[in-house]
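Student: Provided below for reference: sequence and predicted model.
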Amino acid sequence: SKMSKSAPDPDSRICLTDDPVTIKRKILRCKTDPVLGIELNNPERPEATNLLKLYALARGIAPQVAAEECREDGWGPFKGKLTEALVEY
């Protein structure tokens, strides 16, 4: 499921006010799949698209550039990159 700003559970979203430890915990808990490579706009992998767009936003790059950068990443390395980008943002 997607992260939600209206869900009552604070773990359902990443807030700009979250500290680095909380951001890391939330990213590590994000839904993933066993497919290698993070891709954009695959309707069977909405979690990849959502997290890739979030990564692109935090890095200030186009989603297509982020997709090319992360196309061979597994979820572990990608979640590390995403966490770092969000903490720096």
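Tutor: That came through, no problem.
Student: pLDDT below threshold where in the protein?
Tutor: Applying pLDDT under 70 to the chain flags residues 1-7.
Student: and the residue most central in space within the chain, helix, strand or coil?
Tutor: Of all residues in the chain, the one closest to the mean position by C-alpha atoms, centre = their mean is Leu51, 2.8 Å from it. Using DSSP: H, G, I helix; E, B strand; the rest coil as the criterion, the local structure at Leu51 reads helix.
Student: I figured it hits Leu82, correct?
Tutor: Yes. Proximity of Leu51 to Leu82 meets the contact threshold set by C-beta atoms under 8 Å, at 6.0 Å. C-beta coordinates here come from the backbone N, C-alpha and C atoms, glycine included.
Student: now do the same contact list for the residue nearest to the centre of the chain.
Tutor: Residues counted as contacts of Leu51 (C-beta atoms under 8 Å, 6 or more residues apart in numbering) are Cys30, Ile38, Phe78, Leu82.
Student: mind picking the two most distant members of these?
Tutor: Cys30 and Ile38 (11.7 Å; C-beta to C-beta).
Student: quick one: classify Ile61 as helix, strand or coil.
Tutor: Reduced to three states with three-state DSSP, the structure at Ile61 is coil.
Student: around the nearest residue to it once chain neighbours are set aside, how many other residues sit close by?
Tutor: The shortest distance from Ile61 to any residue other than its chain neighbours is 7.9 Å, reached at Glu69 (C-beta to C-beta, 6 or more residues apart in numbering). Using other C-beta atoms under 10 Å, Glu69 is surrounded by 17 other residues.
Student: Glu69: which element?
Tutor: Using DSSP states H and E, the element containing Glu69 is helix 63-70.
Student: other SSEs contacting the helix or strand just after that helix?
Tutor: Secondary structure here is assigned by DSSP H and E; on that basis, the next helix or strand after helix 63-70 toward the C-terminus is helix 75-88. Helices and strands touching helix 75-88, as assessed by 3 or more C-beta pairs under 8 Å, 6 or more residues apart in numbering; DSSP states H and E, comprise helix 20-28, helix 46-59.
Student: any idea how far the last one is from the chain center?
Tutor: Put plainly, it is helix 46-59. In this view, helix 46-59 has its centroid 5 Å away from the chain centroid, taken as C-alpha atoms, centre = their mean, to the nearest Å.
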